[in-house]
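*Asks:* Pasting the sequence and the predicted model now:
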Amino acid sequence: MDRDAALTLLKSHIQQDNLIKHCLAAEAVMRHLARRLGYDEDMWGLAGLLHDLDYNATKDDMARHGLHTAEVLEGLGVSPEIIAAIKAHNAEHLGLARQTPIDFALTAGETVTGLIVAVALVYPDKRLRSVKPSSVAKRMKEAHFARTVNREHIMLCERLGLSLPEFVEISLKAMAAIDSELGLA
């Protein structure tokens with residue numbers, strides 16, 4: 001599956017603008033992580049773009065989140081590695097264990113996007129390019145800030161050999177590169 005087909009598929013399942021933006025942000029982060037770590041950017045990008053494909057169908061039953069996406073993607077011949085990573089981003093609810101770099105990257109990468117957006121939105125200009133990595137790291141320590149963001153998931157970046165500051169910098173640069181698509185330019 002190429003990126004255009006994946007984006008069309010995503011938009012056929014997800015209509016909410018904020019959720020599409022989240023998936024675009026996750027894709028950008030995954031592509032930058034793949035580049036930094038020496039993995040296939042297209043594969044990792046597709047995992048990021050499609051990770052919440054079934055969110056609308058499963059949001060009230062998180063024990064199914066990722067499974068419906070897996071069924072759809074298997075029928076389209078998508079790489080088993082992408083499908084496994086998508087399921088692993090919801091490992092706790094599915095009784096799975098994250099095992100591969102793409103598993104850890106997707107979970108950490110899609111989660112950090114929420115924290116970065118929350119930081120950008122408290123800035124007066126609400127622009128990603130104004131956000132400093134140190135501000136994101138500082139807010140990470142504030143449990144009351146963006147309290148639904150799972151800090152443990154973000155810290156899975158360490159399983160990739162990346163420190164939190166390095167991971168945040170990569171993620172912020174990735175998202176800033178598509179800031180207009182995210183509505184944070």
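*Replies:* Nice, I can see it.

*Asks:* use CA for all of it now, contacts and neighbours both
*Replies:* Noted.

*Asks:* which element is the residue positioned nearest the centre of the chain on?
*Replies:* Geometric centre of the chain, nearest residue: E110, 1.9 Å, by CA atoms, centre = their mean. Using DSSP states H and E, E110 sits in helix 101-122.

*Asks:* So for that helix, what gets flagged as buried?
*Replies:* 101-120 (16 or more other CA atoms under 10 Å).

*Asks:* elements contacting that helix?
*Replies:* helix 17-37, helix 41-50, helix 80-88, helix 133-140, helix 151-154, helix 164-176 (3 or more CA pairs under 8 Å, 6 or more residues apart in numbering; DSSP states H and E).

*Asks:* Convert that helix to PDB, retaining C-alpha atoms only.
*Replies:* Output in PDB follows, covering the C-alpha atoms of helix 101-122 (Å, rounded to 0.1, in the frame of the first residue of the first chain):
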ATOM      1  CA  PRO A 101      11.700  -1.300  17.400                       C
ATOM      2  CA  ILE A 102       8.700  -0.300  15.300                       C
ATOM      3  CA  ASP A 103       6.400  -1.400  18.200                       C
ATOM      4  CA  PHE A 104       8.200   0.900  20.700                       C
ATOM      5  CA  ALA A 105       8.500   3.700  18.200                       C
ATOM      6  CA  LEU A 106       4.800   3.700  17.300                       C
ATOM      7  CA  THR A 107       3.600   3.700  20.900                       C
ATOM      8  CA  ALA A 108       6.000   6.400  22.000                       C
ATOM      9  CA  GLY A 109       5.700   8.400  18.800                       C
ATOM     10  CA  GLU A 110       1.900   8.600  18.600                       C
ATOM     11  CA  THR A 111       1.700   9.400  22.300                       C
ATOM     12  CA  VAL A 112       4.200  12.200  22.300                       C
ATOM     13  CA  THR A 113       2.200  14.000  19.500                       C
ATOM     14  CA  GLY A 114      -0.500  14.700  22.100                       C
ATOM     15  CA  LEU A 115       2.000  16.300  24.500                       C
ATOM     16  CA  ILE A 116       3.600  18.400  21.800                       C
ATOM     17  CA  VAL A 117       0.300  19.700  20.600                       C
ATOM     18  CA  ALA A 118      -0.800  20.500  24.200                       C
ATOM     19  CA  VAL A 119       2.400  22.500  24.700                       C
ATOM     20  CA  ALA A 120       1.900  24.400  21.400                       C
ATOM     21  CA  LEU A 121      -1.600  25.300  22.400                       C
ATOM     22  CA  VAL A 122      -0.500  27.100  25.600                       C
END
